[in-house]
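Novice: Give me a model of this one.
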Amino acid sequence: MAAGRKSTWWWRRKAAVVAGVAIAVSVFLASHCYFRRENMIKAEEALVSMCEERARMIQDQFAVSVNHVHALGILISTFYYQKQPPALDQETFAYYTAKTAFERPLLNGVAYAERVVRSQRETFESRQGWTIMTMKREPSPMQDEYAPVIYSQETVSHIGALDMMSGEEDRENILRARATGKAVLTKPFRLLKSNHLGVVLTFPVYYAGLPEDATIEQRVQATAGYLGGAFDVESLVENLLKQLAGSQDIMVNVYDITNGTEPLIMYGPQNPEGYMPLSHFNMLDFGDPLRKHQMHCRYRVKPPLPFSAITTPFGIFVIIMLGGYIVFAAKNHYDNVKEDCRKMEELKFQAEAADVAKSQFLATVSHEIRTPMNGVLGMLDMLLDTDLNLTQKDYAQTAQVCGRALISLINEVLDRAKIEAGKLEIEAVPFYLRSTLDDVISLFSSKSREKGIELAVFVSDKVPEVVTGDPGRFRQIVTNLVGNSVKFTERGHIFIQVHLAETSNLTIDGEVYGDLHGETQEDKLQVGSFNTLSGFQAADARNSWENFKLLVSDEKLSPEVSASEMTSEKAEENVTLIVSVEDTGIGIPLRAQDRVFTPFMQADSSTSRNYGGTGIGLSITKCLVELMGGEISFISQSNLGSTFTFSAVVKRCNKDSIIDTKRTPEALPSGFKGMKTFLIDGKPVRSAVTKYHLKRLGLAVDISRTVKLALISLARCNGSLKTRRQPYVIFVEKDSWYTGMDVHLHDQLLLLKQNGCILELPKVILLVARESEKAKACSFIDTVIMKPLRASTVAACLQQVLGIEKPQKEMLNGLANLHTLLAGKNILVVDDNKVNLRVAAGILKKYGARVECAESGKDAVSLLQLPHKFDACFMDVQMPEMDGFEATKLIRLVESIANECSRNEGASIYREEPMADEWHLPILAMTADVIQATYEKCMKSGMDGYVSKPFEEQQLYQAVAKFLVPKSNLDL
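Specialist: Numbering: from 1, shown residues only. Below you'll find the model as predicted:
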């Protein structure tokens, strides 16, 4: 049996070897045939290219010669017929044509024959002193008209006095030329002197004044004569072929194929030679529509077979044989490798399980820590609302700051755990990009004012107003980058830019720069010496004014397509955003740049001591950017700062696609559109950013570097300002403000008003970046705007300065308004954690609400059976037995049944009279992790929104203001 199995194995191996060799030979032959065929195709393409090139050059040379003959005809018409006496004679014509013969190298000579009718013959012969002769040198018999040669080049002087009408073919060409007004050709013939094949070109010469759309009769009557020339076609083709490469490889024939059955040879051997299987025919256009010409090209010999057609198939044969040998040898090791792979899979599974277990442990621990921390923070918040002495208040505030720092760290650790466990998902919802960025910079406004640094954001006009993506994660990325910049920047600026990838010069190339020769740059920096946002030098030179102004100027030429003009296909296409965060902080040392995105790693130990932080933020940022389909990189230099640039893929979106109004930010006021404003700022980048915010309000902005230039600009546009009664405003940057400027500016504005240039004094607004600068505002300043600039804050300031009444919705803010909304309202709070329940109830009661608590979803459903007394419900989403989502669905089901009955029966089963409104209780989700309890899940279950725990005043107001109406309004 063993011998039989061995014999079978040997025959199988032998069959496999034979099959492998047969396959290799077949591949060799197939590849050899393929390369031969490819060689012939390339040879044919080369032949076609060379033939077309030669045909084009022959046509061009012929056309040049025809143009020179045409010019000579114009010369004869001008100097012979339009001058009295004629300024042209035989001697002059012969001299001129001899001197200009180099312009007509293809012509043996040119001659001019005048048109003479029978009645003019005697006068003509008397004037010329000779008799008109036929082609046979005999006196011409009497006929209707003649074409005797009166001028000729020396090379063809023998045709003088000959009547060109006496030749049959010449007569046909003359009649056809004068009827069409174009040059005509004869069939090929042997030229007298060179014995080369050629053709005669005949061109009509008309008297002046012939219209372009003349009829045949008008052309015949206006014919003065005929200009002819003999073309040496053989010389033309021969000279061109000598000039071109590859002329030795191909053979060319030129034919006159006017008579398709009997083509006339014009160039080349009478009997075609060469390799005929590969040939190409090309039509030639010599300008005569009646005569047709053709070029025939072919190789002189058969194209040689390239050496690669043999070596390449042979190489493939060798490779196949070697591959077969390798496969055969690898088979012996297959079992060992298979066993090793099995062990590796087991180890990999164990490692992945351990990693997931670690991430789940971190997530669980983070949640468990978060729950009591929310209670701690809530109680501290309530404690701070009580009467405390200064020491007690300081202790409570310190504990609150530490608790919030711990919550922030837990959030980062949880995000990292989710990323490692693969449970972090990116949502796709429409959001307003510019409003999101405004919210981010508002988070750091107090810190930037405290340090006196410029914090600004600029979004290109080409970036869509509404995009589809993950607003929460996008905000988190920008917040992390801006937070780091604020932390490590003590002077200068922090500048956020957003552009489209197709127009931006901020590529994600991962390029970094370290210290320049290890030197410190602080001594080299001079404020205002660089064209940046603040005047301080930045690490990335691409963000300079020279590059920034190109982007701004390009936006003026190509404005963004409005939402109404955007097609449905355009609205759904992907766009790549390029976001950069530039600062002039301490920068990143070269030795630490390779571990910037490593979790829990910082530049060095001193960074953590001086600035705090865990080093996890940038690693999370990098993961989020990659989840959003983008990349992140940075450029940094010590003592100059850093520029982080990342890309994010989002989709264009129409405003109409935002169905849920809760995601729509408050609209900017529209009453400022067209209002004229003047901006005084000596820094071009900063002025462009300020103009961006003003343009969002519809303001027309005129930028001047100095007050003097602004006053000149104001005086120039006095005409438009007189006719428009709309008020206008002057914005002045603090850097452009000097001592005594308020008096000078006020006096100049009064002078303009007295001169009638302006109707009323403009409002003057000062832009400052530091709190201390606000107190130094002068008496003639109407108001001061603290940076960073936001369109909403500028609008509010303008409304205040110009005395424009704000909408009622804008007036509602702050603690008093929240108290007005909640006072007397019946609120149900549902949470399984008694501490959180107590915190939520205490905060709501602080604002005047009547609160009732429930510790489970089942209790909430029981309390909310119709009819009930509650005006709103705050529902925790994570509870045992029945969570907040399931409880909300049951509540909505009961409301739906009641509303359906009311619509069918006219009155509610819970009310005696018909209902004015349907049953719908506002239910707001309470969660410590807004990202985990996603917005879509809340909406899907029937909730109206969410608030984070512990409650914050602004967020609570924004959540309840959409659903609750103050009692004073209800009384009205």
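
Novice: count of neighbours near residue 127?
Specialist: Number of residues near residue 127 (other Cβ atoms under 10 Å) recorded here: 10. Any C-beta I mention is one placed from the backbone N, CA and C, and that applies to glycine too.

Novice: Remind me which helix or strand it belongs to.
Specialist: If you go by DSSP states H and E, residue 127 is part of helix 121-128.

Novice: Could you identify the helix or strand that succeeds that helix?
Specialist: strand 145-146.

Novice: ok, that following strand: who's next to it in the sheet?
Specialist: Neighbouring strands of strand 145-146 in its sheet, by DSSP bridges, are strand 116-117 (antiparallel).

Novice: can you give me the strands in the stretch 251-400 of the chain?
Specialist: Secondary structure of the stretch 251-400 of the chain (DSSP state E, counting those that start in this stretch): strands at 264-267, 275-284, 293-299.

Novice: just the strands in the stretch 551-700 of the chain please.
Specialist: Taking DSSP E, counting those that start in this stretch as the criterion, the stretch 551-700 of the chain contains strands spanning 574-583, 632-637, 641-652, 676-680, 700-704.

Novice: how about residue 456, what does it touch?
Specialist: By Cβ atoms under 8 Å, 6 or more residues apart in numbering, the contact list for residue 456 reads 441, 493, 494, 495, 496, 533, 686, 689, 787, 788, 789.

Novice: Among the residues you listed, which one sits closest to residue 258?
Specialist: Residue 258 lies nearest to residue 689 out of those, by Cβ to Cβ, at 74.7 Å.

Novice: quick check: longest helix of the chain.
Specialist: For the chain, the helix with the greatest residue count under DSSP state H is helix 2-76.

Novice: Buried residues in the next helix or strand after that helix, which are they?
Specialist: Proceeding N to C from helix 2-76, the next assigned helix or strand is helix 90-99, under DSSP H and E. Across helix 90-99, burial judged by 16 or more other Cβ atoms under 10 Å covers 93, 94, 96, 97.

Novice: Could you measure from the residue nearest the centre of the chain over to residue 649?
Specialist: Centrality entry for the chain: nearest residue to the mean C-alpha point is residue 502, 2.7 Å, by Cα atoms, centre = their mean. Distance from residue 502 to residue 649, counting by Cβ to Cβ, to the nearest Å: 13 Å.

Novice: joint contacts of these two?
Specialist: residue 576.

Novice: In contact with residue 201, which residues are there?
Specialist: Residue 201 touches 66, 69, 107, 183, 184, 185, 228, 229, 230, 231, counting by Cβ under 8 Å, 6+ apart.

Novice: Pull the most distant pair out of the residues you listed.
Specialist: 107 and 184 (15.4 Å).

Novice: Any idea which helix or strand in this structure has the lowest mean pLDDT?
Specialist: Across the helices and strands of the chain, mean pLDDT, DSSP states H and E gives its lowest value to helix 808-811, namely a mean of 42.

Novice: give me phi/psi at residue 226?
Specialist: Main-chain torsions, residue 226, degrees, to the nearest 10: phi -140, psi 130.

Novice: Might you report the residue contacts of it?
Specialist: Applying Cβ under 8 Å, 6+ apart to residue 226 gives the contacts 112, 113, 115, 147, 164, 174, 177, 178, 202, 203, 204, 205.

Novice: beta partners for it?
Specialist: residue 113, residue 204.

Novice: so where is the stretch 451-600 of the chain shaky, pLDDT-wise?
Specialist: Along the stretch 451-600 of the chain, the model assigns pLDDT under 70 to residues 505-529, 553-572, 600.

Novice: so where do the helices sit in it?
Specialist: 471-488, 545-557, 568-571 (DSSP state H, counting those that start in this stretch).
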